[in-house]
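J.: Have a look; sequence and predicted model below, questions after that.
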Amino acid sequence: MPYWKSVESPRKRGRPLTYEEKWMVYYAFKSFERNKLDRSVIVVEDPYAVTSSYTGVSRTTVANIVKSVKESGRVPQLKLPGNRNQMTAIPISTEARIREFVFERHREGAICNAKHIVALLKDEFELEIQDRTMRRHLARMGFCWSQTKKQKRSLRESNRVRQQRHDYLYEIRKNQRLSSDEQYHLVYLDESFLHHHYGAQFSWFSDGDFVERSAGKGRRWCFIHALMEEGLLKGTLLIFEAKKSKGDYHQQFDHKVFQKWFQEQLLPNLPKRCLIVMDRCPFHMVGKDSIIPKQMRKLELQKWLTQNGFDWEENWLKPRLIEKVENKRDKKTMVEIFAENKSHRVLFLPVYHPELNPIELVWNTAKGECARLFSNKTSFKDQRIRLEEIFRNKIDSEYCSEAFKHVRQFEEKYWEADLVIDDELDDVTELYGIDFDYIL
């Protein structure tokens, strides 16, 4: 028996780890991992098991903490019991149409509920969705079930999502109004994936006929690229094989991979003065100060304020301490710092708005073409070669210009809709005295 297995656990199992304890587990693991590599102090074959033994937490918990830090730079958040965050089977490609449909209903003076959207998806996308699943998906998109005029109820976007979108559109329009010398070049980036067995889903059949294909989706390629109106940015394509074939493709990236690509492939290939647009996935948002105040204990909050030179008072309760830490901590992301050092800027898309990123159209075209060409003779390497050829030959300046025009139409529609909704909220507040800041 290895000597470390006889070490008595310093804590009882079952008690949730605090924010500080999670970081201690991670630092212990990193020490044992270094020992495994250099064998200078302790010979460690399994750093996860050794960390588990010394800290008294399960090996699975150690693995989850390490994985979270590698992917996002943060220890995992506390999770409520249950399955509240389970992803729905509703494709992300439907979200732009859902948002547009809700706006159309409201402009007509009609309410909009989950049943209306279930019927929409059935008619236009041939999707069979349960009402409860639809309500969960709408909440995840940022909609809430709230009061409208004359006590009716309908779906409305939350203030947070509307304001986030309006702030984003304001920055885009502000940049467009600048002179040609001062204007920033728009650069959009995103990540996606392609399975080995990704093939087209429709064909002509006779009775009893079927397409013979391998079981399962197979291995998959993950890739990241950058797009300008003139075309895909040369030298910025990164493709690698996913370590796992299951789970969200975002789990295959982490902040170290992304930041390395950002500094070594994106920034050196950008023209002067670029506005770099990306979504808000966790590894994009990693900052210099990666603490999560809501997960910290009262003593940890007080200690952080003291160490960083901020005053606090003994009579402050935890909510006041959280507010102080949240206001004082450095929220600037690392990618913003990297970009500003090269005279560029970063702009983050509003949550759940893939239709505002023209590179999403590139993904649809590229993967659709790969699916059309797929057969059982297509090797995993062939899929990568085809993907690279499509990026190189199919996605030209004309295609990218049309993609940008498509996104501009959504931007104009959302900008006008947000202003109209704001005017309506003013009218309702004046007539009925409804506090929409409370409701929404």
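T.: Received, thanks. Numbering: from 1, shown residues only.
J.: okay, CA-based contacts and neighbour counts for the rest of this
T.: Noted.
J.: What is the end-to-end distance of stretch 268-275?
T.: The first and final residues of stretch 268-275 sit 14 Å from each other (C-alpha to C-alpha, to the nearest Å).
J.: can you pull the buried residues of that stretch?
T.: 270, 273, 274, 275 (16 or more other C-alpha atoms under 10 Å).
J.: which residues touch that stretch?
T.: 183-187, 233-236, 343-347 (C-alpha atoms under 8 Å, 6 or more residues apart in numbering).
J.: Just flag the most distant two among those.
T.: Largest separation among the contacts of stretch 268-275 by C-alpha to C-alpha: 183 and 235, giving 23.4 Å.
J.: just checking, which of the buried residues of stretch 268-275 belong to strands?
T.: Among the buried residues of stretch 268-275, the ones falling in strands (DSSP state E) are 274, 275.
J.: Spatially, which two of the buried residues of stretch 268-275 are the most separated?
T.: So, the buried residues of stretch 268-275 by C-alpha to C-alpha: farthest apart are 270 and 275, at 10.1 Å.
J.: contact partners of the host helix or strand of residue 384?
T.: Assigned by DSSP states H and E, residue 384 belongs to helix 380-393. Here helix 380-393 makes contact (C-alpha under 8 Å, 6+ apart) with 194, 196, 219, 220, 221, 232, 366, 367, 369, 370.
J.: Now with 10 Å, please.
T.: Outside helix 380-393, the residues that touch it by C-alpha atoms under 10 Å, 6 or more residues apart in numbering are 194-198, 218-223, 225, 231-232, 234, 237, 239-241, 362-363, 365-367, 369-371, 373-374, 379, 394-396.
J.: Surely residue 45 and residue 36 touch.
T.: Yes - if you go by C-alpha atoms under 10 Å, residue 45 and residue 36 touch, sitting 6.3 Å apart.
J.: Neighbour count: the two, which is higher?
T.: residue 36 (17 against 14; other C-alpha atoms under 10 Å).
J.: From residue 114, how far off is that one?
T.: As for residue 36, its distance to residue 114 is 54 Å (criterion: C-alpha to C-alpha).
J.: residue ranges with poor pLDDT in the chain?
T.: Applying pLDDT under 70 to the chain picks out residues 1-15, 38-44, 78-88, 147-156, 203-211, 244-252, 424-440.
J.: domain ranges for it?
T.: 3-72, 180-291+329-401 (automatic domain parsing).
J.: Pull the distance from the first one to the chain's centre.
T.: Centroid displacement of domain 3-72 relative to its chain, using C-alpha atoms, centre = their mean, to the nearest Å, is 28 Å.
J.: After the helix or strand hosting residue 191, which helix or strand is next?
T.: For residue 191, the host element (DSSP H and E) is strand 185-195. For strand 185-195, the following helix or strand on the C-terminal side (DSSP H and E) is strand 220-228.
J.: Please state the offset of that next one from the chain centre?
T.: Counting by C-alpha atoms, centre = their mean, strand 220-228 comes out at 15 Å from the chain centroid.
J.: ok, now stretch 196-205?
T.: 29 Å.
J.: For it, buried residues please.
T.: By neighbour count with 16+ other C-alpha under 10 Å, stretch 196-205 contains the buried residues 196, 197, 198, 199.
J.: Count the neighbours of the closest residue to the last one other than its chain neighbours for me.
T.: What that stands for is residue 199. For residue 199, ignoring the flanking residues on the chain, the nearest one in space by C-alpha to C-alpha, 6 or more residues apart in numbering is residue 371 at 3.9 Å. The local packing of residue 371 (other C-alpha under 10 Å) involves 19 other residues.
J.: same question, the one 10 residues further on
T.: Counted with other C-alpha under 10 Å, the neighbours of residue 381 add up to 11.
J.: Then residue 177?
T.: So residue 177, with other C-alpha under 10 Å, has 10 neighbours.
J.: Can you name the residues that contact it?
T.: residue 183.
J.: I'd like to know the phi and psi angles of it, please.
T.: Backbone torsions of residue 177, given as degrees, to the nearest 10, read phi -80, psi -10.
J.: sorry, back to before: which of the contacts of stretch 268-275 ranks first by neighbour count?
T.: residue 187 (25 neighbours).
J.: Would you check how far apart that residue and residue 337 are?
T.: Counting by C-alpha to C-alpha, the gap from residue 187 to residue 337 is 17 Å.
J.: Kindly reformat the domains of the chain as CSV containing distance to residue 107.
T.: Below are those laid out as CSV (distance: least, C-alpha to C-alpha, whole Å):
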stretch, distance to residue 107
domain 3-72, 40
domain 180-291+329-401, 20
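J.: Mind checking these for the one nearest to residue 126?
T.: Of the domains of the chain, nearest to residue 126 by C-alpha to C-alpha is domain 180-291+329-401, at 13.8 Å.
J.: Now do the end-to-end distance for the closest one.
T.: Note: domain 180-291+329-401 ends 18 Å apart using C-alpha to C-alpha.
J.: And for stretch 265-272?
T.: 15 Å.
J.: From here on, call the first residue 39.
T.: Noted, 39 is the first residue going forward, which turns the last one into stretch 303-310.
J.: Now for the closest residue to residue 110 other than its chain neighbours: which residues touch it?
T.: Distances taken as C-alpha to C-alpha, 6+ apart place residue 321 nearest to residue 110, at 4.6 Å, with adjacent residues excluded. Each residue near residue 321 by C-alpha under 10 Å, 6+ apart is listed here: 107-112, 288-289, 291-297, 371, 373.
J.: circling back to that earlier point, spell out for me the ChimeraX command that would select the buried members of the contacts of helix 418-431.
T.: A single ChimeraX command is used to select the members of those judged buried by 16+ other C-alpha under 10 Å:
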select :232,233,234,235,236,257,258,259,260,261,263,269,270,275,277,279,400,401,403,404,405,407,408,409,412,433
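J.: I'd guessed residue 295 sits against residue 111; true?
T.: No - counting by C-alpha under 10 Å, residue 295 stays clear of residue 111, with 11.7 Å between them.
J.: who's more crowded, the two?
T.: residue 111 (22 against 13).
J.: Other residues contacting the helix or strand harbouring residue 211?
T.: Here residue 211 is covered by helix 197-214, with elements defined by DSSP H and E. Contacts with helix 197-214, where a contact means C-alpha under 10 Å, 6+ apart, come from 179-182, 194-195, 220-224, 313, 315, 385-391, 394, 446, 449-450, 452-457, 459-460, 474-478.
J.: For the buried ones among those residues, write the corresponding ChimeraX selection.
T.: Applying 16+ other C-alpha under 10 Å to the contacts of helix 197-214, the buried members can be selected in ChimeraX as follows:
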select :179,180,181,182,194,195,222,223,224,313,315,385,386,387,388,389,390,391,394,446,449,452,453,455,456,459,474
